[in-house]
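Trainee: Got a sequence here, can you build the structure:
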Amino acid sequence: MNTPSHAIINLALLSKPQLPQANLAIVIGGILPDIPIFIFYFWAKFIARLPETKIWSEAYYQPLIQNLVAIFHSIPLAIIGLLISYYFGWQILQVICISLVLHSLLDLPVHNDDAHRHFFPFSNYRFISPISYWDPKHYGSIVALIEILLVLLGTLRVFPGINSNVGKGLMILVNIFYLGGYIYFYLRSRVLIN
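Mentor: Residues are numbered from 1 along each chain as shown. Next comes the predicted model:
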């Protein structure tokens with residue numbers, strides 16, 4: 001799934017009106033697993049100046065990058081973090097860890113050849129899903145539409161409870177970007193077919 005989707009869907013599933021102070025921790029846990037990918041991309045594109053095709057066909061699959069991505073997408077490590085934070089009574093860290101687990105559970109069924117090692121370091125197994133959140137060869141356009149609808153529904157659920165104008169603005173921007181992008185690519189594909 002796309003990173004902003006994780007933040008909004010995690011908020012929709014985990015936030016509680018009586019605990020608005022947990023919302024930021026939910027968002028952090030929702031986006032944190034993808035941060036190493038963003039840092040890697042920034043380095044590869046703007047520092048190493050690698051071409052886009054080389055970034056995603058070679059550099060991304062180097063062991064160091066794959067291990068960092070695996071650590072941040074690891075369900076067992078997030079559960080261990082949850083147990084440790086529970087033991088010490090660190091409630092905000094508990095929320096972050098629960099959101100980390102949810103991020104990985106939502107990623108699991110929508111990654112095909114770019115699947116993460118969600119059980120690292122205990123296993124290098126990758127669940128190769130028959131569907132992809134982005135690849136049209138693996139129903140990416142259908143999955144993308146479902147993701148957009150889930151984000152829209154999630155936004156409708158949590159928007160009234162968001163107290164921050166910045167948070168509300170970001171949610172609106174994500175929805176406009178997703179809907180606009182989907183409509184653009186849908187119309188573009190229709191023009192290319194005809």
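
Trainee: C-alpha only now, for contacts and for neighbours.
Mentor: Will do.

Trainee: Output the lowest mean pLDDT helix or strand found in this protein.
Mentor: One helix or strand of the chain scores below all others by mean pLDDT, DSSP states H and E: helix 165-193, with a mean of 88.

Trainee: Sort out which residues of that one are buried, please.
Mentor: Judged by neighbour count using 16 or more other Cα atoms under 10 Å, the buried positions of helix 165-193 are 168, 171, 174-175, 178, 182.

Trainee: How about residue 145: what's its closest non-neighbour residue?
Mentor: Closest residue to residue 145 apart from its sequence neighbours, by Cα to Cα, 6 or more residues apart in numbering: residue 182 at 7.4 Å.

Trainee: Is that neighbour in contact with residue 146, as I believe?
Mentor: No - Residue 182 lies out of contact with residue 146 (Cα atoms under 8 Å); the separation is 11.0 Å.

Trainee: so how far is the least confident helix or strand of the chain from its chain's centroid?
Mentor: 17 Å (Cα atoms, centre = their mean, to the nearest Å).

Trainee: repeat for stretch 160-177
Mentor: With Cα atoms, centre = their mean, you get 17 Å for stretch 160-177.

Trainee: Just the residues contacting that stretch, thanks.
Mentor: 4, 8, 17, 20, 148, 151-152, 155, 159 (Cα atoms under 8 Å, 6 or more residues apart in numbering).

Trainee: just the buried members of those?
Mentor: Among the contacts of stretch 160-177, those buried by neighbour count (16+ other Cα under 10 Å) are 4, 8, 148, 151-152, 155, 159.

Trainee: Turn those into CSV, including pLDDT, distance to residue 52 and secondary structure.
Mentor: Shown next, in CSV, are the buried ones among the contacts of stretch 160-177 (pLDDT from 0 to 100; distance: Cα to Cα, whole Å; DSSP: H, G, I helix; E, B strand; the rest coil):
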residue, pLDDT, distance to residue 52, secondary structure
4, 97, 22, helix
8, 98, 28, helix
148, 96, 25, helix
151, 97, 28, helix
152, 97, 30, helix
155, 97, 32, helix
159, 95, 36, helix
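
Trainee: Which of those residues sits closest to residue 94?
Mentor: residue 8 (18.4 Å; Cα to Cα).

Trainee: Flag the shaky bits of the protein, pLDDT-wise.
Mentor: Low-confidence segments of the chain, defined by pLDDT under 70: 192-194.

Trainee: Which residue ranges of it form helices?
Mentor: All helices of the chain, identified by DSSP state H, fall at 3-14, 23-31, 35-42, 52-57, 63-72, 75-88, 91-107, 140-158, 165-193.
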